[in-house]
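Novice: my questions are about this predicted structure, shown below with the sequence.
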Amino acid sequence: MRALQLVADRDLQVVDLPSPPPPGPGEVTVAIRVVALNHIDVWGWRGMAFAKRKLPLTIGAEASGVVERLGEGTSGLVPGQLVSIYGARTCGLCRPCREGRDNLCEHVSGVHGFHLDGFAQERINLPARLLVPAPPRCDAVGAALAPVTFGTVEHMLFDNARLQPGETILVHAGGSGIGTAAIQLAKRHGATVITTVGSDDKIEKARALGADHVINYRTDRFEGVVRKLTRKRGVDVVFEHVGADTWAGSMLCMKRGGRLVTCGSTSGVSTQMNLMQLFQQQLKLLGSFGCRMENMADAMQKMAEGRVQPVIDMEVGLDDIAPALKRMEGRQVFGKIILRMSDEQDG
């Protein structure tokens with residue numbers, strides 16, 4: 001079978017690998033249909049690993065596929081079924097796993113495509129418990145975007161920030177994959193959405209997704225515009241994933257008692273913070289990583305019902321991945337870049 005592997009920093013190659021063996025007890029063989037690219041793929045491409053890894057490494061942290069074969073003892077899945085794949089290899093045994101708090105697993109082995117071989121391969125054996133069935137009317141693209149693009153946002157907005165109808169939220173980088181998801185999910189939830197984008201050509205696209213106000217952060221200081229829009233009151237929630245470049249401005253955008261939820265640091269992992277501002281304004285800072293499998297199911301159901309939709313920048317095949325990653329690296333993307341592993345119909 002064909003796979004896409006990182007053989008050295010910034011050196012991706014399409015390689016031939018042996019097909020996986022028959023699935024073992026509790027395992028399923030999945031034929032991968034769609035892989036969605038994320039900034040974690042860019043970091044891996046650059047060699048920015050959080051932990052030691054061995055090269056070559058198959059990339060891809062977010063994907064969907066079709067069940068091909070069932071191992072002994074599996075239940076709840078059938079051959080031909082479309083599934084979304086949880087991207088971290090959790091233990092399934094610790095208390096957080098048993099309670100459905102999957103992203104707090106105490107014995108997680110790593111993230112696929114970053115520490116472990118990822119999903120950009122034609123077939124893979126996986127524990128059945130890490131597969132979330134797609135509902136009717138959710139296609140392979142939607143299922144591929146559930147683990148990170150929509151699942152992460154569901155977890156950030158509703159589990160952590162506890163966004164309420166009628167509140168105002170600032171969504172950074174509204175043209176990114178999770179930014180486009182956050183605009184839609186927050187707006188459908190009844191919030192007023194302010195978002196930032198990096199070019200004028202993204203303004204109308206963000207408005208079309210439901211953003212009430214769109215700020216080009218390259219031409220305007222977003223914190224000044226937000227303060228003006230909110231009559232100096234500030235927003236209830238800031239959706240952060242940019243990091244150092246926007247952190248100080250994000251703190252200034254919050255109302256007293258406001259919440260900032262963050263899942264990323266694409267502009268840098270370290271920043272300075274005014275602690276007096278933090279405690280005098282009684283601000284709440286919430287870290288968020290990944291999602292629960294229930295978030296994936298909720299996101300796919302919303303896509304199936306047409307309440308939110310994937311925003312696709314471009315589709316590529318295995319041989320065209322390097323230009324796609326460079327496009328992401330240059331922040332030219334609006335929405336998601338998806339990698340089609342198969343032209344077969346969705347399961």
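Specialist: Okay, I see it.

Novice: now the nearest residue to Leu339 once chain neighbours are set aside: how far from Thr149?
Specialist: Distance criterion C-beta to C-beta, 6 or more residues apart in numbering; nearest residue to Leu339, sequence neighbours excluded, is Val35 at 4.2 Å. C-betas here are computed from N, CA, C, even on glycine. Using C-beta to C-beta, to the nearest Å, Val35 is found at 12 Å from Thr149.

Novice: likewise for Thr180?
Specialist: From Thr180 to Thr149 the distance is 8 Å (C-beta to C-beta).

Novice: more neighbours: which of these two?
Specialist: Using other C-beta atoms under 10 Å, the more surrounded residue of Thr180 and Thr149 is Thr180, with 34 against 25.

Novice: for the more buried one, which non-adjacent residue is spatially closest?
Specialist: Val311 (4.1 Å).

Novice: go on, Cys253?
Specialist: The shortest distance from Cys253 to any non-neighbouring residue, by C-beta to C-beta, 6+ apart, is to Val226 (4.5 Å).

Novice: confirm the one you found sits in a helix?
Specialist: Yes - using DSSP: H, G, I helix; E, B strand; the rest coil, the assignment for Val226 is a helix.

Novice: check which helix or strand Arg33 maps to.
Specialist: Per DSSP states H and E: Arg33 is located in strand 27-36.

Novice: and for Pro96?
Specialist: Applying DSSP H and E as the criterion places Pro96 in helix 95-98.

Novice: with Ser19 instead?
Specialist: Counting by DSSP H and E, Ser19 is part of no helix or strand.

Novice: read off the pLDDT value for the spatially closest residue to it that is not a sequence neighbour.
Specialist: Spatial nearest neighbour of Ser19, excluding adjacent residues (C-beta to C-beta, 6+ apart): Met1 at 5.1 Å. Listed pLDDT for Met1 reads 96.

Novice: check contacts around Met1.
Specialist: Met1 makes contacts with 16-19, 121-123, as judged by C-beta atoms under 8 Å, 6 or more residues apart in numbering.

Novice: so it versus Ser342, what's the distance?
Specialist: Here the criterion is C-beta to C-beta. By it, Met1 lies 11 Å from Ser342.

Novice: relative to Gly264, how far out is Met273?
Specialist: In this view, Met273 and Gly264 are 17 Å apart by C-beta to C-beta.

Novice: look at these two and report which has more neighbours.
Specialist: Shown here are Met273 and Gly264; by other C-beta under 10 Å, Gly264 has more neighbours (20 against 12).

Novice: could you grab the helix/strand/coil label for the more buried one?
Specialist: coil.

Novice: for it, give me its contacts.
Specialist: Contact analysis of Gly264 by C-beta under 8 Å, 6+ apart lists 39, 178, 240-243.

Novice: apply 10 Å and report the result again.
Specialist: Contacts here follow C-beta atoms under 10 Å, 6 or more residues apart in numbering; on that basis Gly264 touches 38-40, 152, 172-173, 176, 178, 240-243, 288-289.
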